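Peer 1: Here's my sequence, what's the structure:
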Amino acid sequence: MKLTLIALITGIITGSVFTLAKLPLPAPPTIAGIAGIVGIFIGSKLAEQIVKLFS
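Peer 2: Modelled structure (predicted):
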C-alpha cells in the first residue's frame, strides 16, 4: 500500500509539473492507453503463474 501511495503522489507531482511547463504528459492520454498498460501488467502476472504451474 505504501508503494502504491508513493507512486500515486509521484504521478500527481509529475503530471502537475508537465502541465505547468506546458509539456505533453508522459502517459497515455486516453482510457484505451491506460487499459493497455493494465493489460500488460495482467499479461505479465498471468505469464508468471503459467511458468510456476509448469515448473
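Peer 1: So for this structure, the centremost residue is which one?
Peer 2: Ile37 (5.8 Å; CA atoms, centre = their mean).
Peer 1: what about that residue, helix or strand, and which?
Peer 2: Counting by DSSP states H and E, the element that carries Ile37 is helix 31-54.
Peer 1: From the chain's centroid, how far away is that helix?
Peer 2: 12 Å (CA atoms, centre = their mean, to the nearest Å).
Peer 1: Same question for stretch 15-32.
Peer 2: Its chain's average C-alpha position is 14 Å from that of stretch 15-32, according to CA atoms, centre = their mean.
Peer 1: residues in contact with that stretch?
Peer 2: 11, 14, 33-34, 36-37 (CB atoms under 8 Å, 6 or more residues apart in numbering). From N, CA and C alone the C-beta is placed, and that goes for glycine too.
Peer 1: Look at it and report the distance between its end residues.
Peer 2: Start-to-end span of stretch 15-32 (CA to CA, to the nearest Å) is 18 Å.
Peer 1: Let me see the mean pLDDT of it.
Peer 2: Taken as a whole, stretch 15-32 carries a mean pLDDT of 85.
Peer 1: what's the most distant pair in the contacts of stretch 15-32?
Peer 2: Within these, Thr14 and Gly36 form the most distant pair, 19.1 Å apart (CB to CB).
Peer 1: which SS class is Leu3?
Peer 2: helix (DSSP: H, G, I helix; E, B strand; the rest coil).
Peer 1: ok, how many other residues are close to it?
Peer 2: 7 (other CB atoms under 10 Å).
Peer 1: roughly how far apart are it and Leu23?
Peer 2: Using CB to CB, to the nearest Å, one gets 26 Å for the distance from Leu3 to Leu23.
Peer 1: Then Leu53?
Peer 2: 44 Å.
Peer 1: same question, Ile34
Peer 2: Relative to Leu23, and taking CB to CB, Ile34 is found at 19 Å.
Peer 1: If you count surrounding residues, which of these two has more?
Peer 2: Just comparing Ile34 and Leu23: by other CB under 10 Å the higher neighbour count belongs to Ile34, 12 against 9.
Peer 1: Nothing else from me, thank you.
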